[in-house]
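J.: structure, please.
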Amino acid sequence: MALKDIIGQERALRILRGTLKRTRVPSAMLFSGDTGIGKRYAALSYAKAVNCLQPSGVDCCDVCSSCRKIDAGIHPDVTVLIPEGEGIKIEAVRKLEELLFLSPYEGKKKVVIMDDADAMNINAANAFLKTLEEPPQDSLILLLSSNPDGLPDTIRSRCTQVRFYPLSLEGCRKIIGGRVAEKDLDTVLGLAMGRPGLALSRDLMAEKEWFSGLLEAMVRGEARDVWEDKNATRAWIDTALVFMRDLAVHAVTGSDYGLLYGGAKQWTAAGRKKNEDALLRAVFDAYQCLLTIRGLLDFNLNKSISWNYVSAVMRQVQAVCNA
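T.: Numbering: from 1, shown residues only. As a prediction, the model looks like this:
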């Protein structure tokens, strides 16, 4: 994939092409935006353009040996770090620093792409800051993050920031179309919410069924410890936030148009007829509670307590709907 093949990120592409056109590639850049909107593809395409042997204007040729090696993940001067387990530790950062301080083997620049850079622990972030303050010659550091506020200010301030945004419905359709069952396409597009990478890397239809099953257990008052880890909890809450959004939309409009998650209309029909204002207040309060819990997940919340709390929040919304 070349920069020209990236869909729906024209603002970010203007910045990237501008640095290539002026031959003023920064030593460090921060690509920020939601998960699944193409940050990693853009970073790899940018690395290809920087090291391309036969560049096409301000883009890579996508066919030379350098481009092919980057696509295959075997280019000696391009390293991609993806966090595993407990995030990014100082040992991983030190290895990257060793690579950066080596001279390029066959490319123009040594490139390090750190995905989910906000997963660096405090020691790793402090160690990496020294590299950003005095970047090695002929190096390019690309930090990718869906939560840039999770990075220290000192790191963000030393990076050229490039913001990526959710894609339009048509942009998502161009990417997802033909790779998802036609009968599920509209539902998947809605659940993806402008993030086609999610639709291609996860089974959103299966996740929808999983969410529904746990939601039903919650409103029945079942006591469970069902979330495997904080990632599972975060995935469920993300879907719950979409569900809350649909509750509000249906409560106000009474229409199915624009709903992203099927099932919200069954909850809101009675509530809308009787007390729309009370329902909207309950939905708004629940949305804020879910956001709070989501923001605390990195503090290793007790799964049972989190389940009971979220269950109480969802039952309260349902009670207002049925009042």
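J.: ranges for the helices of the stretch 51-200 of the chain?
T.: Using DSSP state H, counting those that start in this stretch, the helices of the stretch 51-200 of the chain run over residues 65-72, 90-100, 122-133, 153-156, 169-176, 185-192, 196-201.
J.: so which of those helices gets nearest Y41?
T.: Judged by C-beta to C-beta, the one of the helices of the stretch 51-200 of the chain that comes nearest to Y41 is helix 196-201, at 8.2 Å. Where C-beta positions appear, they are placed from N, C-alpha and C, glycine not excepted.
J.: and the helices of the stretch 51-200 of the chain, which one averages the lowest pLDDT?
T.: Per-stretch mean pLDDT for the helices of the stretch 51-200 of the chain is lowest at helix 185-192 (a mean of 85).
J.: need the helices of the stretch 51-200 of the chain in TSV with mean neighbour count and distance to A235, can you?
T.: TSV is the format used below for the helices of the stretch 51-200 of the chain (neighbours: other C-beta atoms under 10 Å; distance: least, C-beta to C-beta, whole Å):
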stretch	mean neighbour count	distance to A235
helix 65-72	17	29
helix 90-100	16	25
helix 122-133	16	25
helix 153-156	15	26
helix 169-176	17	19
helix 185-192	20	12
helix 196-201	20	10
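J.: can you add distance to S32 and give these back as JSON lines?
T.: As requested, the helices of the stretch 51-200 of the chain are exported to JSON lines (distance: least, C-beta to C-beta, whole Å):
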{"stretch": "helix 65-72", "distance to S32": "22"}
{"stretch": "helix 90-100", "distance to S32": "19"}
{"stretch": "helix 122-133", "distance to S32": "16"}
{"stretch": "helix 153-156", "distance to S32": "9"}
{"stretch": "helix 169-176", "distance to S32": "19"}
{"stretch": "helix 185-192", "distance to S32": "19"}
{"stretch": "helix 196-201", "distance to S32": "15"}
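J.: by mean pLDDT, flag the weakest helix or strand of this protein.
T.: The weakest-scoring helix or strand in the chain, judged by mean pLDDT, DSSP states H and E, is helix 264-274 (a mean of 60).
J.: of all the helices of the stretch 51-200 of the chain, which one comes closest to L247?
T.: L247 sits nearest to helix 185-192 of all the helices of the stretch 51-200 of the chain, at 14.8 Å, using C-beta to C-beta.
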